[in-house]
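Engineer: what shape does this take:
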Amino acid sequence: MRIGLTGSTGVLGQGIISNWAGPEFVLFNSDIRQFANVDEWFKQAGRLDGIIHLAALVPVDLVKAEPLRAFAVNVGGTFNLLEVIRRAPEGERPWLFYCSTSHVYETSLTPLKETSPINPISLYGHTKAQADKWCDIYRSQYGLSVCVGRVFSYSSPKQPQTYFLPSMIQKIKNAPKEGTLEARGLYGTRDFVTPIQIAKAIEFLFSKKANDTFNIGTGQGVPLINLVSALKERLERNDLKIRALETDTNHLVANVDKLNEAGLKLDFNIKTFLDYILDRP
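Structural biologist: Below you'll find the model as predicted:
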């Protein structure tokens, strides 16, 4: 089994390589914005059973600062992959998994279905929503086998500090004794998964050759204020007060009925999750 993989150096890419035993991964390590690079890689790769497309410009602040680059990577890069697959003979077109995000959705107090309104709250979400649409077009117009996985909030001890939980860990550790830590968005809720669970979901969807859009989450909404409070306790900073600012409050929790009905259920346990995030046995 041979699987093409973009974004192999990122947290999710490394998570897939580490947690999906069996495939020979054929890594794309060039500039995905350039069609010629993608085309050459695809031709030299030979037979592929599937391609997992993770390459993206993700940090919200970076996307906001460099919108043209974000569009070229997140939309243009996806378009390039779809097009090289389309140009292949019908019997040689691999299944494609496109890693989308919960950020394409409109914030909602109720769990989000795959059919829920698409109304991104960030420029990053807009780029991913556009790529989602191109996947739909290539599936319906050209008959490609494309699975769109809308991954909900994920975290890992290997994530850079630009991400929510690594940032909060550092802020809690570095806060002055008996101090107060102010943070935005803590009145919101999220649906957290780990790269290990995401790898499991992609492997499962590949086994089914799923040709549709699926939410990848646990279906359990976690209030961010509760998660940060639990994190504060785990870091032994009970002296610290957390003040939630009433800004950037968003709710992104998955309705996972579709994934469950397909045969996969992912679970969330706050203790197990924080053990993983803090890299503790």
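Engineer: residues contacting the closest residue to residue 224 other than its chain neighbours?
Structural biologist: Computed as Cβ to Cβ, 6 or more residues apart in numbering, the closest residue to residue 224 that is not its neighbour in sequence is residue 186, at 4.6 Å. To be clear about C-beta, it is placed using only N, CA and C from the backbone, and glycine gets the same treatment. For residue 186, the contacting residues are 223-225, 228, 242, 244-245, by Cβ atoms under 8 Å, 6 or more residues apart in numbering.
Engineer: any of those buried? List them.
Structural biologist: 224-225, 228, 242, 244 (16 or more other Cβ atoms under 10 Å).
Engineer: among these, which ones are in helices?
Structural biologist: The helices, defined by DSSP state H, take in 224-225, 228 from the buried ones among the contacts of residue 186.
Engineer: how about the contacts of residue 186 in TSV, adding pLDDT and distance to residue 271?
Structural biologist: Listed next are these as TSV, based on pLDDT from 0 to 100; distance: Cβ to Cβ, whole Å:
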residue	pLDDT	distance to residue 271
223	96	16
224	97	17
225	96	17
228	96	15
242	96	19
244	94	22
245	91	27
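Engineer: next, the buried residues of stretch 82-91.
Structural biologist: In stretch 82-91, counting by 16+ other Cβ under 10 Å, buried: 82-85.
Engineer: before we move on, what about stretch 212-228?
Structural biologist: By neighbour count on 16+ other Cβ under 10 Å, the buried set for stretch 212-228 is 213-222, 224-225, 227-228.
Engineer: roughly how far out does that stretch sit from the chain middle?
Structural biologist: Relative to its chain's centre, stretch 212-228 lies at 12 Å (Cα atoms, centre = their mean, to the nearest Å).
Engineer: same check on stretch 234-243?
Structural biologist: Chain-centre distance of stretch 234-243: 29 Å, with Cα atoms, centre = their mean.
Engineer: quick one: end-to-end distance for that stretch.
Structural biologist: End-to-end distance of stretch 234-243 (Cα to Cα, to the nearest Å): 18 Å.
Engineer: circling back: going by distance to residue 65, which of the buried ones among the contacts of residue 186 wins?
Structural biologist: Residue 65 lies nearest to residue 224 out of the buried ones among the contacts of residue 186, by Cβ to Cβ, at 24.2 Å.
Engineer: ok, what's across the strand from the residue nearest the centre of the chain?
Structural biologist: In the chain, the centroid-proximal residue (Cα atoms, centre = their mean) is residue 151; its distance is 4.2 Å. Taking DSSP bridges as the rule, residue 151 bridges to residue 101, residue 216.
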